[in-house]
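[1] need a structure here:
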Amino acid sequence: MSVKAELYDVVRKPIITEKATMASENGAVVFEVAIDANKPQIKEAVETLFGVKVKAVNTTITKGKVKRFRGQPGKRRDVKKAYVTLEEGNTIDVSTGL
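    Below you'll find the predicted structure:
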């Protein structure tokens, strides 16, 4: 597997929500990341993929909700989000795609 493919395994997709948009006003970008990814891996992946300097990485794990699927109880998957704060002057435009 190529190096770039491994980096996309760490950083899955950008998250565009109201809260993520408010974070972007403070120079932060929110990504969905692999559940087993750690902060140094996330920092390296974002810096390599987007060519920016990362100041800090904060992570949060959202537990999956219990929902009903076709009448049967089921559970959504757990999601790990990374709030990546960028150095001054660096930006990532997540609205255009990768």
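
[2] following the helix or strand of the chain with the lowest mean pLDDT, which helix or strand comes up?
    The helix or strand of the chain with the lowest confidence, counting by mean pLDDT, DSSP states H and E, is helix 3-10 at a mean of 82. Of the helices and strands lying after helix 3-10 in sequence (DSSP states H and E), the nearest is strand 11-14.

[3] Report all helices and strands that the helix or strand following that following strand contacts.
    Downstream of strand 11-14, the next assigned helix or strand under DSSP H and E is helix 18-24. Applying 3 or more C-beta pairs under 8 Å, 6 or more residues apart in numbering; DSSP states H and E, one finds that helix 18-24 makes contact with strand 28-33. For every residue, glycine as well, the C-beta is placed using N, CA and C.

[4] So which bits of the longest helix anywhere in the chain are buried?
    Counting by DSSP state H, the longest helix found in the chain is helix 39-50. For helix 39-50, the neighbour count (16 or more other C-beta atoms under 10 Å) marks Gln41, Ile42, Lys43, Ala45, Val46, Glu47, Leu49, Phe50 as buried.

[5] Could you tell me the angle between the direction of the least confident helix or strand of the chain and that of helix 39-50?
    In terms of direction (axes from the mean of the first three to the mean of the last three C-alpha atoms, to 10 degrees), helix 3-10 departs from helix 39-50 by 130 degrees.

[6] buried ones in helix 3-10?
    Leu7, Val10.

[7] hmm, who's touching it?
    Identification of contacts with helix 3-10 by C-beta atoms under 8 Å, 6 or more residues apart in numbering yields Val33, Ala34, Ala37, Gln41, Ile42, Glu44, Ala45, Thr48, Leu49.

[8] Also stretch 70-89?
    11, 15, 23, 26-35, 37, 39, 42-43, 46, 52-68, 92.

[9] again, 7 Å this time
    15, 23, 27-35, 37, 42, 46, 52-68 (C-beta atoms under 7 Å, 6 or more residues apart in numbering).

[10] Can you give me the end-to-end span of that stretch?
    49 Å (C-alpha to C-alpha, to the nearest Å).

[11] how about the most centrally placed residue in the chain, what does it touch?
    For the chain, the residue sitting closest to the mean C-alpha position, by C-alpha atoms, centre = their mean, is Phe31 at 1.6 Å. Neighbour list for Phe31: Val11, Lys13, Pro14, Ile15, Ala82, Val84 [criterion: C-beta under 7 Å, 6+ apart].
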